[in-house]
Every structure is written in C-alpha cells, then in structure tokens.
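A.B. asks: kindly return the folded structure for what I paste below:
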Amino acid sequence: MSRVGKKPILIPDKTKISYVDRLITVQGEKGSLSDMVHAAVELNIKDGIITVSTLSDDITSKALQGLTRSLVNNMIIGVNKGFERILEINGIGYRAELKGNSLVLNLGFSHPVTYDLPAGINATVEKNTVIKLSGIDKEKLGLAAATIRRLKPPEPYKGKGIKYAEERIQKKAGKTGTK
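C.D. replies: Presented below is the predicted three-dimensional model:
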C-alpha cells in the first residue's frame with residue numbers, strides 16, 4: 001500500500017463532501033471543487049474521515065491511491081484556506097501591472113507581454129515587482145505560476161527574469177579577461 005494513500009483525511013467543519021458515481025464534490029467557505037476519481041481506487045466517507053482504498057493489488061493501483069488521496073486533500077485545503085504562489089521579477093526596467101483580469105508584464109522585450117489570468121485565479125501586484133497569485137485549485141494555480149515564470153525565466157549570470165519567491169538562483173561566474 002502507498003504510505004501517503006494509507007493516511008486518512010479529516011473533514012473540517014463547514015465542509016460538505018458528496019461522492020456520487022465516481023464524482024467527488026467538495027464545498028467550503030471559499031468555493032466548490034469537483035473531480036473524477038479513477039476506477040482503480042475507492043473512497044470511503046465515514047464519521048468525518050475519508051479513506052482511500054485500492055480495488056486490486058497491482059503497482060498502478062497503489063500509485064493511484066496516493067495520488068487520489070493527495071488530490072482530495074488538496075481540494076479540501078483549497079476550499080477552506082486557499083493556496084498562494086508568489087513570483088518575483090528581477091531586472092532593471094522589469095515590472096508588472098494588473099489591468100482588469102490580465103497581467104501586463106514589461107520584461108525587456110520590445111513590447112509588453114499580456115497574460116490573461118485563468119478563471120478562479122486572482123492576482124495582486126506589489127511594488128511593481130512582486131506578483132501574488134491565489135486561488136482554491138492548486139493545479140490551476142501552479143500551472144498559471146509556471147506559465148508566467150516561463151515568459152522570462154531567470155538567467156544564471158545576473159539573475160534577471162521571473163522567479164518563485166522561495167527559489168534560489170545559483171549564479172555562474174562570467175568571463176574573466178586574462179592577458
């Protein structure tokens with residue numbers, strides 16, 4: 001059995017969970033999320049606790065047990081607390097601006113780059129160089145943050161570009177002009 005998949009999930013108060021025809025729906029203070037559960041695993045909901053069990057004993061089912069447990073746990077955390085990713089922009093003249101539901105980024109290109117935020121993802125810009133993304137769906141939030149970072153990844157010589165706040169850029173030594 002999967003070590004992650006064996007752990008039970010505690011359902012907090014004010015959280016409603018319905019599981020019908022392999023569709024799990026989680027409703028909380030911040031919103032509602034739903035997802036399909038794979039046919040190789042089964043969810044058991046009793047007394048405020050969710051357990052994930054496998055239907056067979058093969059390695060794929062064990063892997064799907066841990067995956068399903070993590071996805072359901074992230075749904076419960078998301079509808080109650082939400083998730084947040086912070087991006088930092090480094091570089092002279094690099095800045096971000098929020099216009100409606102889109103980010104306008106000046107990243108050293110000849111034109112500003114516009115990124116439309118997906119539904120359910122909110123953004124705030126602080127000091128023109130810090131972008132805070134928040135939402136209840138961890139998968140959408142991570143995908144949006146990765147897409148924004150991919151617009152101008154940090155380069156290894158000066159560290160210019162977009163990076164995650166917790167990311168550490170290892171810088172390379174530049175050329176040394178010896179005679």
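
A.B. asks: the closest residue to residue 113 other than its chain neighbours: which element?
C.D. replies: Nearest non-adjacent residue to residue 113, counting by Cβ to Cβ, 6 or more residues apart in numbering: residue 105, 4.6 Å away. Where you see a C-beta, it was placed from the backbone N, CA and C, and this is true even at glycine. Taking DSSP states H and E as the definition, one finds residue 105 inside strand 102-106.

A.B. asks: okay, that strand in CSV with CA atoms only?
C.D. replies: Taking C-alpha atoms only, strand 102-106 is exported to CSV below (Å, rounded to 0.1, in the frame of the first residue of the first chain):
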residue,chain,number,x,y,z
SER,A,102,-4.8,40.3,-17.1
LEU,A,103,-1.2,41.0,-16.1
VAL,A,104,0.8,43.3,-18.3
LEU,A,105,4.5,42.5,-17.9
ASN,A,106,7.4,44.6,-19.2
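
A.B. asks: mean confidence for the helix or strand just after that strand?
C.D. replies: For strand 102-106, the following helix or strand on the C-terminal side (DSSP H and E) is strand 113-116. Mean per-residue pLDDT for strand 113-116: 90.

A.B. asks: having no further points to raise, I will conclude here.
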